[in-house]
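Q: Need a 3D model of the following:
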Amino acid sequence: MKKYLLDVWEVLETLIVAFVSILLIYEFVAQPFKVEGVSMQPNFQNGDYLLVDELTYRFQNPERGQVIVFHNPQDVKEYYIKRIIGLPGDTVTIENNQVYVNGKLLHESYLPPGLPTPGNETVVLKKNPAQYFVMGDNRILSYDSRYWGPVDRNLIVGVVRLRFWPLGELKFFNYSYATS
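A: Predicted coordinates:
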């Protein structure tokens with residue numbers, strides 16, 4: 001009986017360590033995220049499952065072109081997925097269906113050629129507290145910074161690193177984009 005109890009305790013101990021490890025990873029390192037809606041098409045589809053890296057932004061700042069998950073600035077219980085267009089201190093201008101950052105046309109190789117960006121505005125992003133201008137890749141059907149303004153740094157959850165579902169669309173994401 002004593003041997004049986006020791007075996008049960010070892011199994012329970014292993015399960016507890018595994019459970020605590022998963023919780024810590026989920027809370028501080030990475031977590032899954034499901035895309036809901038069409039605002040990031042054609043690059044992300046409704047129903048895609050993504051792995052969001054929550055650790056990187058503890059050590060470095062978000063970069064232009066990265067796809068991030070963040071809390072909705074108008075309702076922090078909701079999460080959004082969008083692409084970073086403007087960084088703290090940048091001036092983002094949208095005119096004639098084009099996006100300009102600091103007066104230079106933003107070349108967005110991740111978008112289909114000729115995709116218009118509706119809007120007519122100029123936004124200067126604060127450096128302190130840090131603000132980011134974000135937009136969906138589906139510019140016509142995206143509810144983003146053009147409507148509710150910049151995203152404060154403290155609302156950003158993490159950066160998208162992997163699409164793991166559907167399996168046929170498995171993809172790692174590495175970003176580096178610049179203005180012209």
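Q: Tell me the buried residues in the longest strand along the chain?
A: Scanning the chain for the longest strand, with DSSP state E as the assignment, gives strand 75-86. Going by neighbour count (16 or more other CB atoms under 10 Å), the buried part of strand 75-86 is 79-86. Where C-beta positions appear, they are placed from N, C-alpha and C, glycine not excepted.
Q: Ok, stretch 119-127 next?
A: Within stretch 119-127, judged by 16+ other CB under 10 Å, the buried ones are 119, 123, 125.
Q: Rebuild those as CSV, extending it with distance to Asn72, secondary structure and pLDDT.
A: Converted to CSV, the buried residues of stretch 119-127 look like this (distance: CB to CB, whole Å; DSSP: H, G, I helix; E, B strand; the rest coil; pLDDT from 0 to 100):
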residue, distance to Asn72, secondary structure, pLDDT
Gly119, 19, coil, 90
Val123, 18, strand, 96
Leu125, 18, coil, 97
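Q: who are the neighbours in contact with the spatially most central residue of the chain?
A: In the chain, the centroid-proximal residue (CA atoms, centre = their mean) is Ile68; its distance is 1.2 Å. Residues near Ile68 by CB atoms under 8 Å, 6 or more residues apart in numbering: 62, 81-84, 132, 134, 156-160.
Q: what's downstream of the helix or strand of the chain with the lowest mean pLDDT, the next helix or strand?
A: When each helix and strand of the chain is scored by mean pLDDT, DSSP states H and E, helix 2-28 comes last, with a mean of 57. Per DSSP states H and E, the first helix or strand lying C-terminal to helix 2-28 is strand 30-34.
Q: Show me what that next one pairs with in its sheet, parallel or antiparallel.
A: strand 49-53 (antiparallel) (DSSP bridges).
Q: what's in contact with the strand it pairs with?
A: 29-35, 44, 69, 81, 157-165.
Q: From what I see, Pro118 and Asn96 are in contact.
A: No - checked against CB atoms under 8 Å, the pair Pro118 and Asn96 is beyond contact range at 10.6 Å.
Q: and Glu108, how many residues sit next to it?
A: 18 (other CB atoms under 10 Å).
Q: Revised request: answer the last question for Met135.
A: Met135: 24 neighbours (other CB under 10 Å).
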